[in-house]
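Enquirer: Structure here, sequence nowhere to be found:
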């Protein structure tokens, strides 16, 4: 799938449903949400998306903090709307925001575009904050910010934000504070 199409779908959903809340969009799209305890270890399942007979269910790990569940929900929503027609009926994430496949990259791009507006990032970047300060201010893990910065670079924006890509942020102990 083309990156532009993924970005457009994230924007289209937010405009159509007049919200940037992934819970509200799932409700509007009649996507069933379930919270189940799946552990807090670094290799615990973070969430998954099941699609069968025109019924989509997203399951989130109830033992994770809400701010992480929201990010994972946006990622799984990406699977639900972008990968409806593919032959895979289930997507599961043990390490969200990892680039393990084309489908995972697409869901990561969707989540970055869905949760972070260009304006919010550009305004925050103009204040001269470091990469990790920006992630903290925008309430997203560094990996998601990395995806969004790459999307802005692709669109021609010249951001001078030194950063390290692909950390193991979501591989750490989820019982510890996030930022």
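Expert: Perfect, thanks for sending it. Bear in mind that the values here come from a model prediction, so they are computed numbers and not experimental data.
Enquirer: Helix or strand next in line after the helix or strand bottoming out on mean pLDDT in the chain, which one?
Expert: When the helices and strands of the chain are compared on mean pLDDT, DSSP states H and E, strand 90-93 comes out lowest with a mean of 54. Heading C-terminal from strand 90-93, the first helix or strand you meet, by DSSP states H and E, is helix 102-115.
Enquirer: Mind listing what's buried along that following helix?
Expert: Buried residues in helix 102-115, counted by 16 or more other C-beta atoms under 10 Å: 103-115. Any C-beta I mention is one placed from the backbone N, CA and C, and that applies to glycine too.
Enquirer: and if you look at stretch 16-27?
Expert: Neighbour-count burial for stretch 16-27 flags 22, 25-26 (criterion: 16+ other C-beta under 10 Å).
Enquirer: now the strands for this protein?
Expert: 32-36, 47-52, 55-61, 90-93 (DSSP state E).
Enquirer: Identify the residues contacting the residue most central in space within the chain.
Expert: Most central in the chain under C-alpha atoms, centre = their mean is residue 111, positioned 3.1 Å from the mean C-alpha point. Residue 111 is in contact with 71, 74-75, 77-78, 97, 144, 147, counting by C-beta atoms under 8 Å, 6 or more residues apart in numbering.
Enquirer: which residues of this protein score low on pLDDT?
Expert: 1, 85-100, 162-179 (pLDDT under 70).
Enquirer: Longest helix in it, by number of residues?
Expert: Scanning the chain for the helix with the most residues, using DSSP state H, yields helix 66-82.
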